[in-house]
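[1] mind folding the following:
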Amino acid sequence: MSADLKGDPELDATEVDRWIGVPLGGSCMRDAVHVNDVRRWAQGMQNPNPLYFNEAYAAESRFGRILAPQSFSVCTDDSHGAAPAIQGHIEGTHMLFGGDEWWFYGPRIEPGDQLCQERMLFDYKLTKTKFAGPTMFSRGDTTYINQRGQVVAKQRSTSIRYRADLARERGEFMDRESPEWSDADLEEIEKQKFDYYQSFLSLGHERRLFVKPGDQLPRRPIGPHTLMTFTTEWRSYLMTVWGAFEDTGGPSSLFGAGWLPEMSRDLEGARIDPSQGDGLYKGPSRGHVQPRYAQLIGLPRGYGYGASMGAWILDYLANWVGEWGEVIHSDMQYRSPAFTGDVTYLDATVLEVGHDDRSGQPVASVEVVMTNQREEVMATGKAELRLPTEALPAG
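    I've put the predicted structure just below:
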């Protein structure tokens, strides 16, 4: 952190320091995961892998039942992993996701599980950005723990906190017009989607055994994004269901982080009308599907969720490695949101194949790049995937 930026009158971060390293409160799931929660998640993330919604197909898998994709971890949190990275009051600010780092520890989430989280602000730095001038990049940890006390995963989320008025003045993204797609264009995009879906359906319940450096993962297209698809994504998060989480009572400054009045939740009003506090109708997420509020925070129109970008990537990697493998680590940086009208493309390359010293299994290091139809990079990063062997036991 640059000392000369810490007390910058344009973005005063002095209130953030006292939250670093403080165990934070939040909410735990009131009810156990239901199989339809998993199905809704797969649908919302546009991931038609039958392992996550087709009972007959899942029964023939190594698991013998429907279980959740690894990306589902973030669905069990009351703030999609963002809360610990949005601590400390900074007046007039908004936030965008700047990245996610994930560690997975082995246990999988399945119907019947009930998760709680431990949260903490990890660190932050101040810098200048073209988008909004003085900007904070803060990182917060969310640890996902099931009812058996097993640590399922840890997410280190990066929040980009910035002055909304300065972002509006700069208008960095305001020249991004919604593209026009012809019928032929849309037909080609749908063909590309089917080609991608067929790539993991063809692997089916088999092991992906032959992996080498330079292998290209099949391209995954998502979109064109619309207000409808973004709303469907949002509603697949359990945190958007009224009463789904119970407050643990610990400290947090999330709701007092300095949001614009138009982007704040009406928590008193929510006692009568829960939609006043659910984030989408009124609150910090309304800009995703209400263009006037997107423009209020310096974006041109409806835009996608950073947590969903992370889920798209995790699903992409997990679908490729198959049910006998798993994602063990992923570290992604986000550069630009997905806007309505855009198409998102995911591509990846195997960089190297090594071995896990503990399990003896091979591990593939993979580089991921997310772009849009203009070939602008939206996200990039690396991940490690544990690969199967012929000797890996079932179950």
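[2] alpha carbons only for contacts and neighbour counts from here, please
    Will do.
[3] contact partners for the residue nearest the centre of the chain?
    Among the residues of the chain, the one closest to the centroid is residue 307, at 2.0 Å (Cα atoms, centre = their mean). Shown in contact with residue 307 (Cα atoms under 8 Å, 6 or more residues apart in numbering): 74, 80, 81, 97.
[4] just the CA atoms of the helix or strand hosting it, as PDB, please.
    Residue 307 belongs to helix 306-321 when assigned by DSSP states H and E. Extracted in PDB, the C-alpha atoms of helix 306-321 (Å, rounded to 0.1, in the frame of the first residue of the first chain):
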ATOM      1  CA  GLY A 306     -18.200 -11.600 -10.500                       C
ATOM      2  CA  ALA A 307     -19.100 -14.700  -8.400                       C
ATOM      3  CA  SER A 308     -20.800 -16.200 -11.500                       C
ATOM      4  CA  MET A 309     -17.700 -15.500 -13.600                       C
ATOM      5  CA  GLY A 310     -15.800 -17.600 -11.000                       C
ATOM      6  CA  ALA A 311     -18.400 -20.300 -11.100                       C
ATOM      7  CA  TRP A 312     -18.300 -20.400 -14.900                       C
ATOM      8  CA  ILE A 313     -14.500 -21.000 -14.700                       C
ATOM      9  CA  LEU A 314     -14.800 -23.700 -12.000                       C
ATOM     10  CA  ASP A 315     -17.500 -25.500 -13.900                       C
ATOM     11  CA  TYR A 316     -15.500 -25.300 -17.100                       C
ATOM     12  CA  LEU A 317     -12.500 -26.900 -15.500                       C
ATOM     13  CA  ALA A 318     -14.400 -29.500 -13.600                       C
ATOM     14  CA  ASN A 319     -16.400 -30.500 -16.700                       C
ATOM     15  CA  TRP A 320     -13.200 -31.100 -18.600                       C
ATOM     16  CA  VAL A 321     -11.400 -33.100 -15.900                       C
END
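[5] pLDDT on it, on average?
    Average pLDDT, helix 306-321: 97.
[6] what do you get for stretch 117-131?
    pLDDT averaged over stretch 117-131 gives 95.
[7] got a list of what the closest residue to residue 225 other than its chain neighbours touches?
    Closest residue to residue 225 apart from its sequence neighbours, by Cα to Cα, 6 or more residues apart in numbering: residue 340 at 4.8 Å. Applying Cα under 8 Å, 6+ apart to residue 340 gives the contacts 178, 224, 225, 226, 227, 301, 302, 303, 304.
[8] make TSV out of those and add neighbour count, secondary structure and distance to residue 161.
    Output for the contacts of residue 340, formatted as TSV (neighbours: other Cα atoms under 10 Å; DSSP: H, G, I helix; E, B strand; the rest coil; distance: Cα to Cα, whole Å):
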residue	neighbour count	secondary structure	distance to residue 161
178	12	coil	26
224	20	coil	28
225	18	coil	25
226	19	coil	25
227	19	helix	24
301	24	coil	19
302	24	coil	19
303	25	strand	17
304	24	coil	17
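[9] now for the nearest residue to residue 180 once chain neighbours are set aside, how many residues are close by?
    Leaving aside its chain neighbours, residue 180 sits nearest to residue 341 (7.6 Å; criterion: Cα to Cα, 6+ apart). Neighbours of residue 341 under the rule other Cα atoms under 10 Å: 20.
[10] surely residue 341 touches residue 226?
    Yes - under the criterion of Cα atoms under 8 Å, residue 341 makes contact with residue 226 at 6.1 Å.
[11] per-residue confidence averaged over the longest helix seen in the chain?
    Of all segments of type helix in the chain, defined using DSSP state H, the longest is helix 183-203. Confidence for helix 183-203, expressed as mean pLDDT, is 98.
[12] strands of the stretch 51-200 of the chain, residue ranges please.
    Counting by DSSP state E, counting those that start in this stretch, the stretch 51-200 of the chain has strands at residues 93-104, 116-129, 133-145, 151-163.
[13] what angle do the first one and strand 151-163 make?
    If I follow you right, that is strand 93-104. Per axes from the mean of the first three to the mean of the last three Cα atoms, to 10 degrees, the angle that strand 93-104 makes with strand 151-163 is 160 degrees.
[14] in TSV, list the strands of the stretch 51-200 of the chain along with mean neighbour count and distance to residue 43.
    Shown next, in TSV, are those (neighbours: other Cα atoms under 10 Å; distance: least, Cα to Cα, whole Å):
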stretch	mean neighbour count	distance to residue 43
strand 93-104	22	22
strand 116-129	19	24
strand 133-145	23	22
strand 151-163	25	22
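[15] these: which one's closest to residue 320?
    strand 93-104 (16.9 Å; Cα to Cα).
[16] ok so, going back, and the longest helix of the chain, what does it pack onto?
    Applying 3 or more Cα pairs under 8 Å, 6 or more residues apart in numbering; DSSP states H and E, one finds that helix 183-203 contacts strand 216-222, helix 306-321.
[17] what is the rounded mean pLDDT of the first one?
    Spelled out, it's strand 216-222. Rounded mean pLDDT across strand 216-222 is 98.
[18] can I get that strand in CSV? Just the C-alpha atoms.
    Provided in CSV are the C-alpha atoms of strand 216-222 (Å, rounded to 0.1, in the frame of the first residue of the first chain):
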residue,chain,number,x,y,z
GLN,A,216,-6.3,-27.2,-25.4
LEU,A,217,-9.6,-27.4,-23.5
PRO,A,218,-12.7,-27.1,-25.7
ARG,A,219,-14.0,-23.5,-26.0
ARG,A,220,-17.0,-22.7,-23.8
PRO,A,221,-19.3,-20.0,-25.1
ILE,A,222,-21.9,-18.4,-22.7
